[in-house]
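**Student:** Need a 3D model of the sequence below.
(one chain, ligands or ions: 1)
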Amino acid sequence: MPEGDSLHCAARRLQVLVGERVEVETPHPRAAVKGLAARLDGRRLERVEAVGKNLLLHFEGGLVLRSHLRMHGRWRVERRGATRAGQPWLVLRGAESEAVLWNGSVLELLGSRGAPRLGPDILGEPADFETMLARLRATPQEREIGDALLDQRLVAGIGNLWRGEALWEARISPWRPLGELDDGELLGVLDLSHRLMRAALERPRPPRRVYRRSGRACPRCGGLVRSAPQGEHARTAYWCPNCQVGGTPPPS
Ligand SMILES: [Zn+2]
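**Tutor:** Numbering: from 1, shown residues only. Next comes the predicted model:
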């Protein structure tokens with residue numbers, strides 16, 4: 001059984017990833033349904049600490065992942081790309097190392113002060129689109145839609161992959177300010193995000209249209225997909241400038 005000491009050991013080993021933007025995967029189906037990978041993938045890991053029997057992983061944007069190992073949970077740190085058998089709960093992959101969480105445990109996302117501060121869950125059934133819309137309207141309207149969709153206080157659960165894919169499906173440029181979009185357009189993007197992400201729970205590897213396809217042809221119009229950092233945390237936005245026009249993207 002993991003005691004306090006082994007948690008402090010785990011926290012120490014995980015320090016190698018602090019400061020890195022990590023790729024996040026949840027191979028185990030019971031972990032995958034939590035939508036954590038979508039929320040955390042591509043964020044910088046800012047701090048790791050053991051508090052009581054919890055390991056708290058602080059990510060940029062005020063998101064904190066709480067991991068409680070219970071009886072059999074175990075963190076390992078390996079070199080990136082190490083081969084392994086089985087399905088770990090969570091993989092945090094940095095440039096050279098990856099941290100792997102094995103076996104059932106408590107995994108939940110908290111706000112920065114330990115209390116959930118998140119907007120309505122995009123995966124909710126039913127999803128509370130009206131509250132999401134209200135929060136999108138309560139934030140400064142010069143904010144770009146691509147940036148706002150990743151703000152977990154407005155809508156919880158849309159990660160970098162699905163903001164790109166949903167905006168592409170909706171033919172809306174991530175660079176358009178919220179104030180330029182009408183309620184129908186915002187609700188349309190939220191509904192597409194919800195439907196694409198629900199479908200991905202059942203079919204884990206759907207084809208990607210723009211995400212990580214920079215420089216390749218848009219499957220709709222043949223234009224070249226672009227990418228550029230966006231928002232306070234400079235997370236990479238992917239879009240087709242030919243069929244998602246508007247806003248002020250950075251010069252290519
Ligand atoms: Zn296109």
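
**Student:** Report how many residues lie close to residue 224.
**Tutor:** 15 (other CB atoms under 10 Å). Yep, even glycine has a C-beta here, placed from its N, CA and C like the rest.

**Student:** Grab the nearest non-local neighbour of it.
**Tutor:** residue 215 (6.2 Å; CB to CB, 6 or more residues apart in numbering).

**Student:** how many neighbours does the one you found have?
**Tutor:** 8.

**Student:** Quick check: it touching residue 223?
**Tutor:** No: if you go by CB atoms under 8 Å, residue 215 and residue 223 don't touch, sitting 11.2 Å apart.

**Student:** Over to residue 173. Which of the three states is it?
**Tutor:** coil (DSSP: H, G, I helix; E, B strand; the rest coil).

**Student:** how much space is there between it and the ion?
**Tutor:** Residue 173 sits 11 Å away from the ion, going by CB to the ion, to the nearest Å.

**Student:** Return the distance of that residue relative to residue 19.
**Tutor:** 32 Å (CB to CB, to the nearest Å).

**Student:** just the helices in the stretch 1-150 of the chain please.
**Tutor:** For the stretch 1-150 of the chain, the helices defined by DSSP state H, counting those that start in this stretch cover 4-13, 29-32, 36-40, 129-138, 145-148.

**Student:** Give me the distance between the first one and the centre of its chain.
**Tutor:** In terms of CA atoms, centre = their mean, to the nearest Å, the gap separating the centre of helix 4-13 from the centre of its chain is 26 Å.

**Student:** And the last one, by the same measure?
**Tutor:** Helix 145-148 has its C-alpha centroid displaced from the chain centroid by 13 Å (CA atoms, centre = their mean).

**Student:** in terms of contact count, name the helices or strands touching it.
**Tutor:** Under the contact criterion of 3 or more CB pairs under 8 Å, 6 or more residues apart in numbering; DSSP states H and E, helix 145-148 touches helix 160-169.
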